[in-house]
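**Student:** Could you look at this predicted model? Sequence included:
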Amino acid sequence: MRIVVLGAGRIGAFHAALLARHSAVSEVLVADADLARAKTLAEKIGARQVDGFAAATSEPLDGVVIATPTATHADLIRAAVDARIPVFCEKPIALDIATTRSVIAEVSAAQVPLQVGFQRRFDAGFRAARRGYQGGALGQVHTLRAITADPAPPHPDYILTSGGQFRDMHIHDFDAIRFVTGREVSSVHAVGANTGAAFIRAAGDVDTTAAILVMDDGSLAVVTGTRYNGAGCDVRLELAGTRGTLAVGLDDRSPLRSADPEVPWPRQPPYRTFLDRFAGAYEAELSAFLDYARGSIDNPCSADDALAALLVAEAAERSRREGRPVEIAEIDG
């Protein structure tokens, strides 16, 4: 298969390197607005640098991987759809609901494969939690607790275009909760605080967050996060039920320690970045995309899934700004 990776930044370079090592991929093409960066990456991984998506389509392609800035996602998806090429796009499709719906309609009409990048769906722990929840082993699950905590905030320029912490960071939690439970979110009550750099507050964003989600069966999910978790990258999910509790993300690299004496855990250095934490999940995600592009599996993360997570993020942001609970139906109306 011949795959073009659009975007040679951190996540684009990671994806390109994975694809270059994949047994099903015969050639990787790399394009970036920064031509020198694309060339450097291509030389490093044994790929071929091209000057853009249009240049890449001068020869047959089997797939497009979009890892460019968020503002470019919708137009690049449309270009790939017009060219009838299967698409993998990092979340989100767009930061607003109207554009997301428009892209979904075009993709549906053209019947071109589009998989959206929510890598937690491919993490072994999250998949085991899904089986535990849906298999009934935990009994009636009444509470979910999710945390996403980064060791440090991204560059100020990124914050300005990220859409805010709920759309940028916690959208992964919202999708993971839907994936694990198979349920929908009914309402959100969210708050935020600023505990660190002034540039986040100046952008109208927050760096520390908490949200209570009411699920469609009346159970609760509590989501918390921060840009300032100095111990490392901490991503966890707990499912508490009438028969037991199951946790995702507790291992010897989890960036937390016990205050109780004589507890040696954890025994290894903590995860420093999300790429450390989810390296295996990213590899499985791209392998699934190759299978999906070839028509051998169903879509593991559809555009409709991306929209559902965005609706929750939008409700959370509105709740934070207006200081009240927000129904998903209010956003989706």
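**Tutor:** Cool, got the structure.

**Student:** Ala210 and Leu250, how far apart?
**Tutor:** 21 Å (CB to CB, to the nearest Å). Where you see a C-beta, it was placed from the backbone N, CA and C, and this is true even at glycine.

**Student:** meant to ask about Tyr292
**Tutor:** Tyr292 is 31 Å from Leu250, where distance means CB to CB.

**Student:** who's more crowded, these two?
**Tutor:** Shown here are Tyr292 and Leu250; by other CB atoms under 10 Å, Tyr292 has more neighbours (20 against 14).

**Student:** That one looks like it's in a strand, true?
**Tutor:** No: under DSSP: H, G, I helix; E, B strand; the rest coil, Tyr292 falls outside any strand and is assigned helix.

**Student:** That one contacts Asp298, correct?
**Tutor:** Yes: at 7.4 Å, Tyr292 and Asp298 qualify as touching, with contact defined as CB atoms under 8 Å.

**Student:** Flag every buried residue along stretch 288-295.
**Tutor:** Ala288, Phe289, Leu290, Tyr292, Ala293 (16 or more other CB atoms under 10 Å).

**Student:** got it, and stretch 241-257?
**Tutor:** Buried residues in stretch 241-257, counted by 16+ other CB under 10 Å: Gly241, Leu246, Val248, Gly249, Arg253, Ser254, Pro255, Leu256.

**Student:** bridging residues for Val235?
**Tutor:** Beta-bridge partners for Val235, by DSSP bridges, are Thr148.

**Student:** Quick check: it vs Leu18, distance?
**Tutor:** According to CB to CB, Val235 stands 20 Å off from Leu18.

**Student:** Kindly report the same for Ala313.
**Tutor:** Going from Ala313 to Leu18 by CB to CB gives 27 Å.

**Student:** Between the two, tell me which one has more neighbours.
**Tutor:** Neighbour count, other CB under 10 Å: between Ala313 and Leu18, Ala313 has more, with 29 against 20.

**Student:** check contacts around the more buried one.
**Tutor:** Neighbouring residues of Ala313 by CB atoms under 8 Å, 6 or more residues apart in numbering: Gly163, Phe166, Arg167, His170, Ile171, Phe174.

**Student:** just curious, which of those is nearest to Leu35?
**Tutor:** When the contacts of Ala313 are ranked by distance to Leu35 (CB to CB), Gly163 comes first, at 27.7 Å.

**Student:** Might one say that Cys110 is in contact with Val81?
**Tutor:** Careful, residue 110 is Ala; it's not Cys. Yes: Ala110 is within contact range of Val81, at 4.9 Å (criterion: CB under 8 Å).

**Student:** Give me the neighbour count for Ala124.
**Tutor:** Ala124: 11 neighbours (other CB under 10 Å).

**Student:** SS state for the residue nearest to Ala74 when sequence neighbours are not counted?
**Tutor:** Computed as CB to CB, 6 or more residues apart in numbering, the closest residue to Ala74 that is not its neighbour in sequence is Ala94, at 4.7 Å. Assigned by three-state DSSP, the conformation of Ala94 is coil.

**Student:** show me the contacts for Ala94.
**Tutor:** Taking CB under 8 Å, 6+ apart, we find Ala94 in contact with Thr70, His73, Ala74, Thr100, Val103.

**Student:** Check Ala20 too.
**Tutor:** Val28, Ile45, Gly46, Ala47.

**Student:** In a strand, the first one, correct?
**Tutor:** Yes: secondary structure of Val28 (three-state DSSP): part of a strand.

**Student:** Tell me, how many residues neighbour it?
**Tutor:** Neighbour count for Val28, taken as other CB under 10 Å: 25.

**Student:** same thing with the third one?
**Tutor:** Gly46: 11 surrounding residues under other CB under 10 Å.

**Student:** my read: Gly83 touches Ala56, true?
**Tutor:** Slight slip there: residue 83 is Ala, not Gly. No: counting by CB under 8 Å, Ala83 stays clear of Ala56, with 9.4 Å between them.

**Student:** if you count what's nearby, which of the two comes out ahead?
**Tutor:** Taking neighbours as other CB under 10 Å, Ala83 and Ala56 compare with Ala56 leading, 22 against 15.

**Student:** Provide the partner residues of the residue lying closest to the more buried one once chain neighbours are set aside in its beta bridges.
**Tutor:** Using CB to CB, 6+ apart and skipping the chain neighbours, the partner closest in space to Ala56 is Val4 (4.1 Å). Beta-bridge pairing for Val4 (DSSP bridges): Leu29, Val64.
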